[in-house]
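> Okay, sequence plus prediction incoming.
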Amino acid sequence: MNGIRRVFLGLILAAAFFVFPAVANADLQAGIDAYVSGNYPVALAEFTSLAEKGNAEAQYILGLMYVEGKVVPQDYKVAMLWYRKAAEQGNARAQNSLGAMYARGLGVPLDYQTALSWYLKAAEQGDSTAQNNLGFMYLNVQGVPADLVQAHKWFSLAAATGNEDAKENKKLAEGMMTPGEIKNAEKLAQEWSAKHK
């Protein structure tokens, strides 16, 4: 496995334990530890066992593993199955990943409306990557009508969490907006933040 990709995926898996302590049981941690140490057969067995029992975080991780194709053969259709199971349980990262698969036509036909729907579910939960992706759809007219105000709103929300891509995209959107549109977008972002505290 490419060293950078291994470290990146390892960090994602390790973060899963800290971000979702309610589901971070001993088996999930054992899978994460096995993956990070390079014991992929054990990691795969742990994640698969948990995923089959309905653990949404393990389902998300399995989806990620099938997208990456580093521990198992790359298989977007299998990844979609696991992402969908986790997404339907409300896992925001799986919802965002499912949206990305539809937005790129990986494992499914390209479908911007379905991508938008999954991005929105994750964005409403505060997932900054999904918020950035949603803003990007509105900015670049990917299957939705162009809406710079909505794009700026979602970029602002993602940028407020430190999402560097969203910070850059917000500046890009502002370069195309009137001062009134920017003010309206900022108001919408503030209202969203107040509602979701």
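That came through fine.

> tell me the domain boundaries of this protein?
For the chain, automatic domain parsing gives the domain ranges 1-89, 94-197.

> would TSV of these with mean pLDDT and mean neighbour count be doable?
Any C-beta I mention is one placed from the backbone N, CA and C, and that applies to glycine too. Output for the domains of the chain, formatted as TSV (pLDDT from 0 to 100; neighbours: other C-beta atoms under 10 Å):
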stretch	mean pLDDT	mean neighbour count
domain 1-89	79	18
domain 94-197	93	19
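
> can you give me the helices for this protein?
For the chain, helices defined by DSSP state H occupy the ranges 3-19, 26-36, 40-52, 56-68, 76-88, 92-104, 112-124, 128-140, 148-159, 164-174, 179-195.

> on contacts alone, who are the packing partners of the fourth one?
When you say that, I think you mean helix 56-68. Packing partners of helix 56-68 (3 or more C-beta pairs under 8 Å, 6 or more residues apart in numbering; DSSP states H and E): helix 3-19, helix 26-36, helix 40-52, helix 76-88, helix 92-104.

> now do 7 Å
For helix 56-68, the elements it packs on are helix 3-19, helix 40-52, helix 76-88, helix 92-104, judged by 3 or more C-beta pairs under 7 Å, 6 or more residues apart in numbering; DSSP states H and E.

> contact partners of the second one?
Read it as helix 40-52. For helix 40-52, contacts defined as C-beta atoms under 7 Å, 6 or more residues apart in numbering pick out 27-28, 30-31, 34-35, 58-59, 61-62, 71-72, 82.
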